[in-house]
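> structure of the sequence below:
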Amino acid sequence: MFKISHALALVALAFLTSCASSPDRSAPESRLYAHPQRVAILGYEGHAMEPFLSRDGRYLLFNNLNDPAVNTNLHYAERVDDLTFRYRGEIAGVNTPALEGVPTLDRRNNLYFVSLRSYESSLSTIHRGVFSHGRVAGVALVPGLSRKEARHVNFDVDVSPDGNTLYFVDARFGRSGPETADLVVAQRQGEGFVRRSDSAVLLQHVNTDALEYAPCISADGLTLLFTRARLSLVGGSVAIYVAQRARSTEPFGPPARLAALDGLVEAPTFTPDERAIYFHRKDGARYVIYRASR
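All right, here's what the predicted structure looks like:
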């Protein structure tokens, strides 16, 4: 059977080899978040990707490198100041020999994340559990998200602060990597979630023939951050975008590229007051966390 773990690794490899640091100059530009500064994680020297700041601002959650040569797991660090965190180790109760990544929390500390632990049997990847001081309990699959189709993978997820809405990624993989990736909105229904019937309409200006992934939604539901990548053997691009709307019932407007965030940047996450964001950037041979402010 086609190994989806290998395909997910090809996403990162494609960005490294095909996505130049030069962005799509045809896209509108935004300076909503600028002044990027590198973040230090004291006691940790590995790759740091897919950051998420807990809703109280205390913890920085992240995963190490997405690569089949390593065991990709969830880690956490505790805040010292805006640009400094102290590494506390792997998150307990959640990691397996399979890939675990892309953490996100609601205000009740329900942790949502991606894991390939059961994909071959369930065709599902998005899990949840309850996070408390570096430990997760009650890990289980989130029902209602997967299309249950081979080669289709939900490889990114973000939960709204109130826990009622998920933004996640529908992707179709070929043997050489991702062929499509679009954002989807799902609404809580009981203990699970259902895809909103108007999801495509709400995201009509966001999803394109490029790859859209790594969503991050504001507390009021009016500002959406995400990453867009165009994979190409010649001159691909990857950048962080922002899309906004006046009301939560309306579609997001046309997105603009956060022009001050240059290089290979991905995976934004808001601070609790939304006056700043964290994201990862490739510096040399290593992925590290950065912060940008309004």
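> low-confidence stretches in the stretch 151-294 of the chain?
232-235 (pLDDT under 70).
> for Leu141, give me its contacts.
Ser118, Ser122, Ser124, Ile126, His127 (CB atoms under 8 Å, 6 or more residues apart in numbering). Backbone N, C-alpha and C define where each C-beta goes, glycine included.
> let's see if you can find the most crowded of those residues.
Ile126 (25 neighbours; other CB atoms under 10 Å).
> before we move on, back to that, from the contacts of Leu141, which ones fall inside strands?
Ile126, His127 (DSSP state E).
> which residues in the stretch 1-150 of the chain form strands?
For the stretch 1-150 of the chain, the strands defined by DSSP state E, counting those that start in this stretch occupy 19-20, 29-30, 34-38, 40-42, 49-53, 59-63, 74-81, 84-90, 100-105, 110-115, 126-132, 135-141.
> looking at these, which is closest to Ser248?
strand 100-105 (18.7 Å; CB to CB).
> and the closest one, what does it pack against?
Counting contacts by 3 or more CB pairs under 8 Å, 6 or more residues apart in numbering; DSSP states H and E, strand 100-105 is packed against strand 49-53, strand 59-63, strand 74-81, strand 110-115, strand 157-159.
> dump those strands into a markdown table; add distance to Ala260 and mean neighbour count as well.
Shown next, in a markdown table, are those (distance: least, CB to CB, whole Å; neighbours: other CB atoms under 10 Å):
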| stretch | distance to Ala260 | mean neighbour count |
| --- | --- | --- |
| strand 49-53 | 18 | 25 |
| strand 59-63 | 21 | 26 |
| strand 74-81 | 22 | 19 |
| strand 110-115 | 28 | 24 |
| strand 157-159 | 22 | 26 |
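> and these: which comes nearest Tyr87?
Going by CB to CB, the one of the helices and strands packed on strand 100-105 nearest Tyr87 is strand 74-81, 4.8 Å.
> could you check the angle strand 84-90 makes with the closest one?
If you take axes from the mean of the first three to the mean of the last three CA atoms, to 10 degrees, strand 74-81 sits at 150 degrees to strand 84-90.
> ok so, going back, any chance of the helices and strands packed on strand 100-105 in TSV, plus distance to Ala276?
Listed next are those as TSV, based on distance: least, CB to CB, whole Å:
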stretch	distance to Ala276
strand 49-53	9
strand 59-63	13
strand 74-81	12
strand 110-115	22
strand 157-159	17
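> which element is the residue most central in space within the chain on?
Closest to where the C-alpha atoms of the chain average out (CA atoms, centre = their mean) is Ala214, at 3.2 Å. If you go by DSSP states H and E, Ala214 is part of strand 211-217.
> can you check Ala200 too?
Judged by DSSP H and E, Ala200 forms part of helix 199-202.
> so which bits of that helix are buried?
Ser199, Leu202 (16 or more other CB atoms under 10 Å).
> what are the ranges of the strands in the stretch 151-294 of the chain?
152-153, 157-159, 165-174, 177-189, 192-195, 211-217, 223-230, 236-244, 256-258, 265-270, 276-283, 286-293.
> of all these, which lies closest to Tyr76?
It is, among those and with distance given as CB to CB, strand 286-293, at 12.4 Å.
> for the strand holding Ala214, packing partners?
Counting by 3+ CB pairs under 8 Å, 6+ apart, strand 211-217 packs on strand 157-159, strand 165-174, strand 177-189, strand 223-230, strand 265-270.
> ok, which of these comes nearest Pro28?
strand 223-230 (12.3 Å).
> give the partner strands of that closest one in its sheet and their orientations.
Counting by DSSP bridges, the strands paired with strand 223-230 are strand 211-217 (antiparallel), strand 236-244 (antiparallel).
> dump those strands to CSV, plus distance to Gln189.
Shown next, in CSV, are the strands paired with strand 223-230 (distance: least, CB to CB, whole Å):
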stretch, distance to Gln189
strand 211-217, 18
strand 236-244, 25
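> what's the closest of those strands to Val142?
That would be, of those and by CB to CB, strand 211-217, which comes in at 15.4 Å.
> alright, calling it a day.
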